[in-house]
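Enquirer: Take this sequence and fold it.
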Amino acid sequence: MNLLSDPDENCVDGMQSSNVALRERAFQIMMNKWHKVIYHFLRTMLGNHDDAADATQETFIQVLKSIHGFRRESKFSTWLFTIARRKALDSIRSNKRWSSMESLNEHNHIKSVLQNDIYFEGSEIEAMLQAAILTLPERQREIFILRYFDEISFAELSQILGISEGASKASYFHAKQKIARFVELNAE
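Expert: Presented below is the predicted three-dimensional model:
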């Protein structure tokens, strides 16, 4: 089996294999492809390195635990983002700290959190975008991140989130409007 010809499909085959060496190699190839993508998604969703790193680790542990139950009814990437999304929502719910950030008055607090995060390497503009994203309600935040940064199609978004394509398009549209308003109100 050539694991490099079709990484997602072949990695699933490899990770579901009874051959330990093949499972390990397939998992490594999958991690090389998806780790940074999933971390970035979770980092943007959660707003800080520590929570994102924890959720990323939990995502890939869940992948290992659940790979034998993956029935290929959707693309591997859809399944993977669904797991990552659940881990992000679990983290948000357990921390309860972002629930108060839906107010534009929290801009300075969010900006301060980003500036004090040693793992944030963005510019002032990127910090403002991240702050704006963190003010969005959970659903709009995840749709915006998956669509804008990860370029996930609306059809795939609807599968990941369990909503209609129209609902994902509407949420994305509203998220873009709120981000634009946030930037307009907080531009220095």
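Enquirer: use CA for all of it now, contacts and neighbours both
Expert: OK.
Enquirer: The spatially most central residue of the chain: which element?
Expert: Centroid-nearest residue in the chain: residue 41, 2.8 Å away (criterion: CA atoms, centre = their mean). If you go by DSSP states H and E, residue 41 is part of helix 20-46.
Enquirer: how is this structure carved up into domains?
Expert: The chain resolves into domains spanning 1-96, 100-188 when parsed by automatic domain parsing.
Enquirer: As JSON lines, those with mean pLDDT would be great.
Expert: Listed next are these as JSON lines, based on pLDDT from 0 to 100:
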{"stretch": "domain 1-96", "mean pLDDT": "87"}
{"stretch": "domain 100-188", "mean pLDDT": "78"}
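Enquirer: The helix holding residue 41: how far from the chain's middle?
Expert: Taking CA atoms, centre = their mean, to the nearest Å, one finds the center of helix 20-46 at 12 Å from the center of the full chain.
Enquirer: again, but for stretch 165-179
Expert: 17 Å.
Enquirer: quick one: buried residues of that stretch?
Expert: By 16 or more other CA atoms under 10 Å, the buried positions in stretch 165-179 come out as 165, 168, 169, 171, 172, 175, 176, 178, 179.
Enquirer: Distance to residue 159 and secondary structure added to the residues you listed, as CSV?
Expert: Below are the buried residues of stretch 165-179 laid out as CSV (distance: CA to CA, whole Å; DSSP: H, G, I helix; E, B strand; the rest coil):
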residue, distance to residue 159, secondary structure
165, 9, helix
168, 10, helix
169, 13, helix
171, 15, helix
172, 15, helix
175, 19, helix
176, 21, helix
178, 24, helix
179, 24, helix
